[in-house]
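>>> When you get a sec, could you give me coordinates for this:
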Amino acid sequence: MNLNSAHIHLLLNHFPIIGSLVGLLLLAAALFRKSDELKRVSVVAFIFTALITVPVYLTGEPAAHIVEKLPGVREALIAQHDNAATISFIVVGILGVAALWGLWRYRMSEVLPNWFVMALLVMSILVNGLMMWTGKLGGQIRHTEVRIDFAAPASSQK
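A predicted model of the protein is given here:
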């Protein structure tokens with residue numbers, strides 16, 4: 001199997017989207033159930049999401065060079081996706097560093113402070129929205145059916 005950066009980008013790009021959602025849902029469940037253990041699990045999910053975003057982001061530019069010459073690919077769509085990816089990468093990085101800091105800072109405590117958990121909740125909501133937005137823009141590069149200007153071809157019935 002010959003994997004290039006476009007393959008790797010496509011294989012990995014769903015993890016930040018799903019990881020940010022899983023982390024958010026775990027944190028929401030932890031707050032609902034008042035579970036400190038589940039709060040820590042969600043923090044680990046945020047760290048994992050930030051880490052997996054690194055290879056996704058780093059394979060984006062080389063993947064763009066591979067697909068930019070393909071029929072139907074628009075340079076403007078790649079640029080929009082790249083801009084969204086940069087913003088998402090920065091914000092998920094901040095969430096990941098905050099989560100890692102929180103785990104280290106409160107490693108001896110059984111309870112994560114409420115202010116810290118609420119800050120993570122707000123950041124994770126933002127990250128989740130950014131990841132979905134970035135994924136949507138990335139999907140439009142090769143999936144014409146999800147583009148705003150898509151018009152279904154007229155059906156040819158005999």
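
>>> what's the spacing between Leu27 and Met108?
21 Å (Cβ to Cβ, to the nearest Å). From N, CA and C alone the C-beta is placed, and that goes for glycine too.

>>> Compare those two (neighbour count), which wins?
Using other Cβ atoms under 10 Å as the criterion, Leu27 and Met108 rank with Leu27 on top: 23 against 5.

>>> Which residue, other than its chain neighbours, is closest to that one?
Ser42 (3.9 Å; Cβ to Cβ, 6 or more residues apart in numbering).

>>> tell me the contacts of the one you found?
Residues near Ser42 by Cβ atoms under 8 Å, 6 or more residues apart in numbering: 23-24, 26-27, 30, 120, 124.

>>> for Gly129, same thing?
With Cβ under 8 Å, 6+ apart, Gly129 has no contacts at all.

>>> what's the answer for Val122, then?
Per Cβ under 8 Å, 6+ apart, neighbours of Val122: none.

>>> just checking, next helix/strand downstream of the strand or helix carrying Trp101?
Trp101 belongs to helix 75-105 when assigned by DSSP states H and E. As assigned by DSSP H and E, the chain's next helix or strand after helix 75-105 is helix 114-142.

>>> and the angle from that next one to helix 75-105?
Angle, helix 114-142 to helix 75-105, by axes from the mean of the first three to the mean of the last three Cα atoms, to 10 degrees: 160 degrees.

>>> any idea of the mean pLDDT in helix 114-142?
The average pLDDT for helix 114-142 rounds to 95.

>>> Can you give me the buried ones in it?
116-117, 120-121, 123-124, 126-128, 130-131, 133-135, 137-138, 140-141 (16 or more other Cβ atoms under 10 Å).

>>> cool, stretch 49-66 as well?
49-53, 55-57, 59-60, 63-64.

>>> give the contact list for Ala85.
57, 60, 134, 138.

>>> now, among those residues, which is nearest to Pro71?
In terms of Cβ to Cβ, no member of the contacts of Ala85 lies closer to Pro71 than Gly138, at 18.0 Å.

>>> The closest one contacts Asn13, doesn't it?
Yes: with contacts counted by Cβ atoms under 8 Å, Gly138 reaches Asn13, the gap being 6.5 Å.

>>> I'd like the contacts of Ser42 written out as JSON lines, with distance to Val73 and secondary structure added.
JSON lines is the format used below for those (distance: Cβ to Cβ, whole Å; DSSP: H, G, I helix; E, B strand; the rest coil):
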{"residue": "Gly23", "distance to Val73": "32", "secondary structure": "helix"}
{"residue": "Leu24", "distance to Val73": "32", "secondary structure": "helix"}
{"residue": "Leu26", "distance to Val73": "36", "secondary structure": "helix"}
{"residue": "Leu27", "distance to Val73": "37", "secondary structure": "helix"}
{"residue": "Ala30", "distance to Val73": "42", "secondary structure": "helix"}
{"residue": "Leu120", "distance to Val73": "37", "secondary structure": "helix"}
{"residue": "Ser124", "distance to Val73": "32", "secondary structure": "helix"}
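
>>> Sweet, I'm off.
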